[in-house]
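> curious how this folds, go ahead:
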Amino acid sequence: MEGKMFARIGAAVFVAVAITATAIELTRNEEAPERWPSGRVTQERVDPLRDALIRCQSLGEAGPRDPECRRAWAENRHRFLAPGARPMERLPEPPPPNAGLQESPDDPVRRESAPQLEEVR
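Residues are numbered from 1 along each chain as shown. As a prediction, this is how the structure comes out:
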(Lines give C-alpha, C1' and ligand atoms only; values in the text may rest on other atoms or scores of the structure.)
Protein backbone atom coordinates (compact mmCIF):
# COMPACT_ATOMS: atom_id res chain seq x y z
CA MET A 1 0.00 0.00 0.00
CA GLU A 2 2.81 2.37 0.66
CA GLY A 3 3.89 2.23 -3.02
CA LYS A 4 0.47 3.32 -4.25
CA MET A 5 0.25 6.07 -1.70
CA PHE A 6 3.72 7.33 -2.61
CA ALA A 7 2.76 7.40 -6.33
CA ARG A 8 -0.45 9.33 -5.57
CA ILE A 9 1.40 11.90 -3.48
CA GLY A 10 4.04 12.28 -6.25
CA ALA A 11 1.33 12.77 -8.88
CA ALA A 12 -0.45 15.35 -6.71
CA VAL A 13 2.80 17.27 -6.16
CA PHE A 14 3.53 17.18 -9.89
CA VAL A 15 0.07 18.51 -10.77
CA ALA A 16 0.37 21.24 -8.10
CA VAL A 17 3.75 22.35 -9.46
CA ALA A 18 2.41 22.36 -13.04
CA ILE A 19 -0.63 24.45 -12.06
CA THR A 20 1.56 26.90 -10.12
CA ALA A 21 4.00 27.30 -13.02
CA THR A 22 1.11 27.87 -15.44
CA ALA A 23 -0.45 30.49 -13.19
CA ILE A 24 2.86 32.32 -12.79
CA GLU A 25 3.45 32.30 -16.55
CA LEU A 26 -0.04 33.59 -17.33
CA THR A 27 0.16 36.45 -14.84
CA ARG A 28 3.61 37.59 -15.90
CA ASN A 29 3.69 40.85 -17.87
CA GLU A 30 5.98 40.83 -20.87
CA GLU A 31 7.99 44.01 -21.12
CA ALA A 32 9.15 45.23 -24.49
CA PRO A 33 12.91 44.92 -24.78
CA GLU A 34 14.82 48.15 -24.65
CA ARG A 35 16.14 49.43 -27.92
CA TRP A 36 19.83 49.89 -27.91
CA PRO A 37 21.13 52.69 -30.05
CA SER A 38 23.14 51.27 -32.92
CA GLY A 39 25.33 54.34 -33.22
CA ARG A 40 24.49 54.60 -36.91
CA VAL A 41 22.94 57.73 -38.22
CA THR A 42 20.44 57.09 -40.96
CA GLN A 43 19.83 59.77 -43.49
CA GLU A 44 17.00 59.51 -45.90
CA ARG A 45 18.04 60.44 -49.37
CA VAL A 46 15.57 62.82 -50.85
CA ASP A 47 15.16 62.34 -54.58
CA PRO A 48 13.15 65.16 -56.16
CA LEU A 49 12.97 63.22 -59.43
CA ARG A 50 11.20 60.36 -57.69
CA ASP A 51 8.69 62.77 -56.20
CA ALA A 52 8.11 64.36 -59.60
CA LEU A 53 7.58 60.96 -61.23
CA ILE A 54 5.07 59.99 -58.57
CA ARG A 55 3.23 63.27 -59.12
CA CYS A 56 3.20 62.70 -62.88
CA GLN A 57 1.87 59.20 -62.39
CA SER A 58 -0.99 60.51 -60.31
CA LEU A 59 -1.92 63.00 -63.07
CA GLY A 60 -3.01 60.19 -65.37
CA GLU A 61 -3.69 61.31 -68.96
CA ALA A 62 -2.70 64.88 -68.19
CA GLY A 63 0.84 63.76 -67.43
CA PRO A 64 2.14 63.67 -71.03
CA ARG A 65 0.93 67.24 -71.59
CA ASP A 66 2.55 68.62 -68.43
CA PRO A 67 5.96 70.26 -69.13
CA GLU A 68 7.29 69.32 -65.65
CA CYS A 69 6.44 65.69 -66.29
CA ARG A 70 8.15 65.76 -69.66
CA ARG A 71 11.25 67.19 -68.01
CA ALA A 72 11.12 64.54 -65.26
CA TRP A 73 10.76 61.70 -67.78
CA ALA A 74 13.62 63.04 -69.85
CA GLU A 75 15.83 63.18 -66.76
CA ASN A 76 14.76 59.64 -65.84
CA ARG A 77 15.64 58.37 -69.33
CA HIS A 78 18.97 60.17 -69.12
CA ARG A 79 19.76 58.51 -65.79
CA PHE A 80 19.20 55.00 -67.04
CA LEU A 81 20.08 55.20 -70.71
CA ALA A 82 23.06 57.54 -70.71
CA PRO A 83 26.34 56.00 -71.88
CA GLY A 84 27.96 56.46 -68.46
CA ALA A 85 24.98 55.01 -66.59
CA ARG A 86 25.69 51.43 -67.60
CA PRO A 87 28.35 49.44 -65.76
CA MET A 88 31.66 49.51 -67.52
CA GLU A 89 32.50 46.01 -66.42
CA ARG A 90 31.12 43.34 -68.71
CA LEU A 91 31.40 39.60 -68.73
CA PRO A 92 34.17 38.30 -70.97
CA GLU A 93 33.15 36.88 -74.30
CA PRO A 94 33.03 33.07 -74.23
CA PRO A 95 35.83 31.43 -76.20
CA PRO A 96 34.85 29.80 -79.48
CA PRO A 97 34.25 26.05 -79.34
CA ASN A 98 37.39 23.93 -79.42
CA ALA A 99 39.61 26.97 -78.89
CA GLY A 100 42.80 26.01 -77.16
CA LEU A 101 42.04 22.29 -77.35
CA GLN A 102 44.61 21.39 -79.94
CA GLU A 103 45.83 17.89 -79.35
CA SER A 104 49.46 17.11 -79.22
CA PRO A 105 50.66 13.50 -79.13
CA ASP A 106 53.26 14.39 -76.50
CA ASP A 107 50.72 15.65 -73.96
CA PRO A 108 50.59 12.96 -71.19
CA VAL A 109 47.56 14.47 -69.47
CA ARG A 110 45.56 14.49 -72.67
CA ARG A 111 46.63 10.93 -73.46
CA GLU A 112 45.65 9.62 -70.00
CA SER A 113 42.36 11.48 -69.69
CA ALA A 114 40.96 10.54 -73.09
CA PRO A 115 40.72 6.78 -73.61
CA GLN A 116 41.68 5.63 -77.07
CA LEU A 117 39.18 3.49 -78.90
CA GLU A 118 40.56 0.52 -80.71
CA GLU A 119 38.95 -0.66 -83.88
CA VAL A 120 37.76 -4.23 -83.81
CA ARG A 121 37.56 -6.08 -87.15
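> quick one: least confident helix or strand in the chain?
Least confident element among the helices and strands of the chain, by mean pLDDT, DSSP states H and E: helix 108-113 (a mean of 53).
> tell me which element residue 18 falls in.
For residue 18, the host element (DSSP states H and E) is helix 2-27.
> give me the below-cutoff pLDDT ranges for the protein.
Under the criterion pLDDT under 70, the flagged ranges of the chain are 1, 38-44, 84-94, 98-121.
> in it, what residue spans correspond to helices?
Assignment of helices within the chain using DSSP state H yields the ranges 2-27, 48-59, 67-81, 108-113.
> any chance of TSV for the ones you listed, columns distance to residue 97 and mean neighbour count?
Just so you know, the C-beta spots here come from the backbone N, C-alpha and C atoms, and that holds for glycine as well. Compiled in TSV, these are given as follows (distance: least, CB to CB, whole Å; neighbours: other CB atoms under 10 Å):
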stretch	distance to residue 97	mean neighbour count
helix 2-27	69	9
helix 48-59	46	13
helix 67-81	34	12
helix 108-113	17	9
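> I'd like those helices as TSV, with distance to residue 95 appended.
Compiled in TSV, those are given as follows (distance: least, CB to CB, whole Å):
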stretch	distance to residue 95
helix 2-27	67
helix 48-59	42
helix 67-81	31
helix 108-113	18
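> minimum distance to residue 96: which of the ones you listed has it?
When the helices of the chain are compared by CB to CB, helix 108-113 sits nearest residue 96, at 19.4 Å.
> so what's residue 57 closest to, chain neighbours aside?
Take residue 57 and drop its neighbours on the chain: the residue closest to it by CB to CB, 6 or more residues apart in numbering is residue 63, 7.0 Å away.
> give me the neighbour count for that neighbour.
By other CB atoms under 10 Å, 17 other residues sit near residue 63.
> I'd guessed it sits against residue 56; true?
Yes. Counting by CB atoms under 8 Å, residue 56 is a contact partner of residue 63 at 4.5 Å.
> okay then, goodbye and thanks.
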